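Trainee: got a predicted structure plus its sequence, pasted below:
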Amino acid sequence: MSHHLDSEAARQDPRLDISDVYLFKGQTGTVFVINVDPLSATGGFHPEALYEFKIDTNGDAVEDVTLRAAFRPKDSLGRQDFVLSQLRGADAQDRDAAGRVVVTGQTEQAVTGPTGIRMWAGSAGEPFYIEGNVVTAVRTAVTTGSKLDLSAYNPDTATNLFGDTNVTAIVLEVPATVTGTGSIGFWGTTALPDHHGGWVQINRAATPLINTLFDFTAGGTVDYNASDPVHDQRLFGRQVQDDVAAVVTANGTMDARQAELYGRYVRGILLPDMLRYRIGSTAEFGVGCRNGRGLTEPTPETMFEIVLSQSVPMGLDSGDATGTLRSSFPYLSLPI
């Protein structure tokens, strides 16, 4: 839950809270995952919301393809009918555009549409894992520009903050006829209609923990969750650069000049905030290779090392995630 409840609207309705997104090679295509409703995972999907998979195919941080899921209210059995629409070009950026329906179905059932896109939506085990004392210490150091204090962390009692919990997930497996065969950028969004006939973007997510560690929404005039990746460098780049330079200086990792250069480097690799991925390759979210994101990778440790320029182990591994991943679509573990 690397973006756990990171906006006011998401705190009010966790069905709109994107906790994590994932991007990796599947059996028949590229797999895109949006997880919402962390911790409870009992509310299903908001029947007025749009759940959007934004895909940039030319590297300009603007969506060229949007795969948009919408859900009807729950029936007497708790299931929800869904529609997945595909939008391209200018329509991909227009929430009022109708798009082309590519999959229809019902939650908890895997469906393949006529264009080869597969979709599943429902409750699943939480694949993300993190040590609460460690992330608190790292976040404090980054947001205050101070020395990392791990005194509250005991590696012998390391615990997954979100162990034995479920999420509500949307999983797509998308053929190359939709994504192309090169490199893409991906982020997820949720949106609700406003009172003026338009839409309000409630949440967005891509790089794990980025908003948690840098706290873009704290006291700022721009809502990170309501903005778009194409504006990230202008709106949040300086904060990332300065926060990183301050924290590596405070921890004695680098001198002031090196820290300044390193802050610029981290700004460049983290923003615009998208998961980047080479179609058909093996996903790996690591310090030296950020290519998609597998379901149970130790992404917090990767982010800690990128931001602090030092290794910060959590004492956890993929076995601490909830459940056992399935070997075939929809890949996530069964809910507990």
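Mentor: Now that the structure is in, tell me what you want to look at. Residues are numbered from 1 along each chain as shown.

Trainee: pLDDT below threshold where in the stretch 1-150 of the chain?
Mentor: Regions of the stretch 1-150 of the chain meeting the criterion pLDDT under 70 cover residues 1-11, 40-42.

Trainee: can you do 80?
Mentor: 1-11, 39-42 (pLDDT under 80).

Trainee: show me where it has its helices.
Mentor: 8-12, 132-144 (DSSP state H, counting those that start in this stretch).

Trainee: for the stretch 151-300 of the chain, same thing?
Mentor: Using DSSP H, counting those that start in this stretch, helices in the stretch 151-300 of the chain cover 176-179, 210-214, 232-250, 256-270, 299-308.

Trainee: what's the closest of these to Ala61?
Mentor: Closest to Ala61 of the helices of the stretch 151-300 of the chain is helix 232-250 (Cβ to Cβ; 7.4 Å). Bear in mind the C-beta positions are built from the backbone N, C-alpha and C, glycine included.

Trainee: just checking, what packs against the closest one?
Mentor: In terms of contacts (3 or more Cβ pairs under 8 Å, 6 or more residues apart in numbering; DSSP states H and E), helix 232-250 is packed against helix 132-144, helix 210-214, helix 256-270, helix 299-308.

Trainee: follow-up on the earlier one: output the helices of the stretch 151-300 of the chain in CSV; the columns should cover distance to Asp17.
Mentor: Formatted as CSV, the helices of the stretch 151-300 of the chain follow (distance: least, Cβ to Cβ, whole Å):
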stretch, distance to Asp17
helix 176-179, 26
helix 210-214, 12
helix 232-250, 20
helix 256-270, 21
helix 299-308, 18
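
Trainee: among those helices, which is nearest Phe32?
Mentor: helix 176-179 (9.1 Å).

Trainee: helices and strands around that closest one, which ones?
Mentor: Judged by 3+ Cβ pairs under 8 Å, 6+ apart, helix 176-179 is in contact with strand 65-71.

Trainee: ok, the strand it packs on: who's next to it in the sheet?
Mentor: strand 50-56 (antiparallel), strand 81-88 (antiparallel) (DSSP bridges).

Trainee: which one of those is the most hemmed in?
Mentor: Most buried of those by mean neighbour count (mean count of other Cβ atoms under 10 Å) is strand 50-56; its value is a mean of 24.

Trainee: run through who's touching it.
Mentor: 32, 34, 36, 45, 62-71, 92, 95, 170, 172, 179, 184-192, 199, 229, 274 (Cβ atoms under 8 Å, 6 or more residues apart in numbering).

Trainee: now do stretch 172-179
Mentor: Residues contacting stretch 172-179 (Cβ under 8 Å, 6+ apart): 26-33, 53, 55, 57, 65, 67, 84, 86, 115-119, 279-280, 329.
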